[in-house]
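Peer 1: Coordinates for the following, if possible.
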Amino acid sequence: MFTEVVKAEYVDGYRIRLWFNNQVTKVVDLRTSLKGKVFEPLKDLNFFKRFTVKYNTIEWENGADFAPEYLLSLPEA
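Peer 2: Residues are numbered from 1 along each chain as shown. Have a look, this model is predicted:
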């Protein structure tokens with residue numbers, strides 16, 4: 001089975017609560033994951049908060065996203 005994010009909600013700071021298709025729910029902190037040019041805009045919290053669940057993961061309007069497998073591998077925040 002492929003890993004998919006089925007729901008996501010903003011918590012605080014750079015933390016997002018994620019629901020996966022394998023029944024796992026966890027809060028992840030993406031602060032240290034915002035590396036590289038595409039993730040620079042996400043350092044602005046107002047921009048960071050505006051994600052959507054698209055193509056089985058979370059995505060921002062500038063096209064930045066994280067693989068759902070990566071999100072699942074992050075430690076609980």
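
Peer 1: what's across from the residue nearest the centre of the chain in the sheet?
Peer 2: The structure's the chain has its C-alpha centroid closest to Ile58; by CA atoms, centre = their mean the separation is 4.9 Å. Beta bridges link Ile58 to Val53, judged by DSSP bridges.

Peer 1: give me the low-pLDDT residue ranges for this structure?
Peer 2: The chain contains no residues with pLDDT under 70.

Peer 1: hmm, try it at 90
Peer 2: Residues of the chain meeting the criterion pLDDT under 90: 1.

Peer 1: Which strand in it has the most residues?
Peer 2: The residue-count maximum for a strand in the chain (DSSP state E) belongs to strand 5-12.

Peer 1: Run the angle between the helix or strand just after that strand and strand 5-12 for me.
Peer 2: Later in the chain than strand 5-12, the nearest helix or strand by DSSP states H and E is strand 15-20. Going by axes from the mean of the first three to the mean of the last three CA atoms, to 10 degrees, strand 15-20 is angled at 160 degrees with respect to strand 5-12.

Peer 1: So which elements touch the next helix or strand after strand 15-20?
Peer 2: Going down the chain from strand 15-20, the next helix or strand is strand 25-29, by DSSP H and E. Secondary-structure packing of strand 25-29 (3 or more CB pairs under 8 Å, 6 or more residues apart in numbering; DSSP states H and E): strand 15-20. For glycine as for every other residue, the C-beta is placed from the backbone atoms N, C-alpha and C.
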